[in-house]
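> give me coordinates for this.
(one chain, ligands or ions: 1)
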Amino acid sequence: MIDFTAVGAEAVDLLRAYLTIDTTNPPGNEIAGARFLADVLARAGIESRTVESAPGRANLVARVRGDGSLGAVVLHHHIDVVYADRRFWTVDPFGGEVRDGFLYGRGAVDMKSTGILQLAALLALARAGVRLKRDLIFLATADEEAGSAFGAQFIAANHPDWLAGAEYALTELGGIEIDPDKRAPFAHIVISEKTGLPLCLTARDTPGHGSMPWPDTAPHRLIRALARLLAAERPPRVLPEVQEYFRALARVLPPAAGRGLDDLATALHDPAFRARFFARRDWAAMVRTTFAVNMLRASQKLNVIPPEAVADIDCRVLAGDDPGEVRDWVTRVVADDHVQVEFAREPKVPNLSPPDTEMYKALADTLARRAPGVVVAPEILVAFTDSWVFRRMGLAAYGWSPFVLDDEEWRRVHGNDERISLENLREGARAYTELLLQIAGA
Ligand SMILES: [Zn+2]
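A predicted model of the protein is given here:
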């Protein structure tokens, strides 16, 4: 028997302690967090292994064995957190302070809390001697907040054996959203994410004196190329999973606000609907590959017409789009053979985990227990997480948490006074434990 009250209380104590460890990235110093986790695991008789990808940049793994009849589940979190500017916090961001039912600290939502729920659930199962069908792999990595080179990507390249036999990975984001404008709680499970495809546009022509310009200087060519790119509308593409997201959303929005979302591909043919839909930039990003012109450079001097002008574009690719096809599309749209379009770095092909697996169902069931009446939707995240790395290794990876959060709490993530309610921690620890019992219990 598992005493869920004790599991919840332990989650609160563990997170308080974990939040006092400063793992701000840079520099990360994840080793301090890894030592804490290793110590907690050891006290419960669970062996772990820590490997540094660079001095202080630690990654930790622990495996609790099942009977091996089904694939293993990776419980992943990143140890690092983003910078906290103490001047704007009302508490010490590394003080582990509890006030009015909330635990404050950098990492309280993103994402030491999720790591602690996983840990508390694992400890509860191990102590209760629960027999498992699946191995449970507790994985804590470095460097997610700066691109994962020292974390998930390092593990994928150097220690893929840590994830041997794994079928699923659970990691950050997802969760239940409380919004007074919605008719029911709305939850997302992240199944895919857009990948960054930085594009570099370089215009070249003869240099000259600024006193005698002509139409086709390199900067003029670049400006016209960018204007054509911004004016060109890349056709939207509604993936079946995205349609499912909007169908679920239509069920919780007021009827007028949800109109058309049930059959998005058709509704997008209507110019009025299309304009309304694309005015929501978060929605627009879910149905197409996007281009943000963020960096421009040309001459170093006002009176010099330079031989070269360069624009760096933050392009984000939707699952199903091919990076090579995107580059060729941009080249066609730009339509100037003096403007070269290149990948600024090796492209990452977006990937997606299906929303019809046993795990997805278990995640949705757990959310329904946590928030009765909740409407659950698969989400394609417009930002990037470590899930991409796990999917590339052949796992189905989901961004999932049993937290119930409103907008106010989300604004504090990467912002000031980040916090999590004790209720979320206690109930979240119960939910995570029940999830593992459902998916891995023998
Ligand atoms: Zn995170």
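> I'd say residue 109 and residue 414 touch.
No. Using CB atoms under 8 Å, residue 109 is not in contact with residue 414; the gap is 9.4 Å. Placement of C-beta: from N, CA and C, glycine included.
> ok, those two, which is more surrounded?
residue 109 (24 against 15; other CB atoms under 10 Å).
> please name the spatially closest residue to the more buried one (chain neighbours excluded).
The shortest distance from residue 109 to any non-neighbouring residue, by CB to CB, 6 or more residues apart in numbering, is to residue 413 (5.0 Å).
> ramachandran angles for the one you found?
Note on residue 413: backbone dihedrals following degrees, to the nearest 10 are phi -70, psi 130.
> likewise for residue 192?
Dihedral pair for residue 192: phi -160, psi 170, per degrees, to the nearest 10.
> leaving out sequence neighbours, find the closest residue to it.
The shortest distance from residue 192 to any non-neighbouring residue, by CB to CB, 6+ apart, is to residue 352 (3.7 Å).
> what is the neighbour count of the residue nearest to residue 306 when sequence neighbours are not counted?
Closest residue to residue 306 apart from its sequence neighbours, by CB to CB, 6+ apart: residue 299 at 4.0 Å. Neighbour count of residue 299, defined by other CB under 10 Å: 17.
> repeat for the one 3 residues further on
Around residue 302 there are 6 other residues, counting by other CB under 10 Å.
> just to be sure, it is in a strand?
No. Read with DSSP: H, G, I helix; E, B strand; the rest coil, residue 302 is coil and lies in no strand.
> ok, the nearest residue to it once chain neighbours are set aside to residue 338 distance?
Leaving aside its sequence neighbours, residue 302 sits nearest to residue 210 (CB to CB, 6+ apart; 6.4 Å). Distance of residue 210 to residue 338, given as CB to CB, to the nearest Å: 19 Å.
> quick one: contacts for residue 368?
Listed by CB atoms under 8 Å, 6 or more residues apart in numbering, the contact partners of residue 368 are 374, 376.
> what about it, helix or strand, and which?
Using DSSP states H and E, residue 368 sits within helix 358-370.
> skip ahead from that helix and say which helix or strand is next.
Per DSSP H and E, the first helix or strand lying C-terminal to helix 358-370 is strand 375-381.
> quick check: residues of this protein near the ion?
110-111, 172 (CB under 5 Å from the ion).
> just the ones of those in strands?
Under the assignment DSSP state E, the residues of the chain next to the ion contribute nothing to strands.
> got the residues you listed as JSON lines, with neighbour count and pLDDT columns?
Formatted as JSON lines, the residues of the chain next to the ion follow (neighbours: other CB atoms under 10 Å; pLDDT from 0 to 100):
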{"residue": "110", "neighbour count": "21", "pLDDT": "94"}
{"residue": "111", "neighbour count": "25", "pLDDT": "96"}
{"residue": "172", "neighbour count": "23", "pLDDT": "94"}
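> residues near the closest residue to the ion within the stretch 301-442 of the chain, how many?
Across the stretch 301-442 of the chain, no residue is closer to the ion than residue 385, which sits at 6.7 Å (CB to the ion). By other CB under 10 Å, 21 other residues sit near residue 385.
> pLDDT score for residue 349?
With respect to pLDDT, residue 349 scores 89.
> was I right about residue 7 contacting residue 120?
Yes. With contact defined as CB under 8 Å, residue 7 counts as touching residue 120 (5.4 Å).
> shared neighbours of the two, anything?
Here residue 7 and residue 120 have 429, 433 as joint contacts, going by CB under 8 Å, 6+ apart.
> looking at these two, which one has more neighbours?
More crowded of residue 7 and residue 120, by other CB under 10 Å: residue 120, with 28 against 22.
> what's the helix or strand for the more buried one?
helix 112-127.
> helices and strands around that helix, which ones?
Applying 3 or more CB pairs under 8 Å, 6 or more residues apart in numbering; DSSP states H and E, we find helix 112-127 packed against helix 4-19, helix 30-43, strand 57-64, strand 72-78, strand 136-141, helix 422-440.
> would you list those in CSV and tack on mean pLDDT and distance to residue 247?
Listed next are those as CSV, based on pLDDT from 0 to 100; distance: least, CB to CB, whole Å:
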stretch, mean pLDDT, distance to residue 247
helix 4-19, 98, 34
helix 30-43, 98, 40
strand 57-64, 98, 38
strand 72-78, 98, 28
strand 136-141, 98, 33
helix 422-440, 97, 25
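> so what's residue 376 scoring on pLDDT?
Listed pLDDT for residue 376 reads 97.
> looks like it contacts residue 364 (just checking).
Yes. At 4.5 Å, residue 376 counts as touching residue 364 under the criterion of CB under 8 Å.
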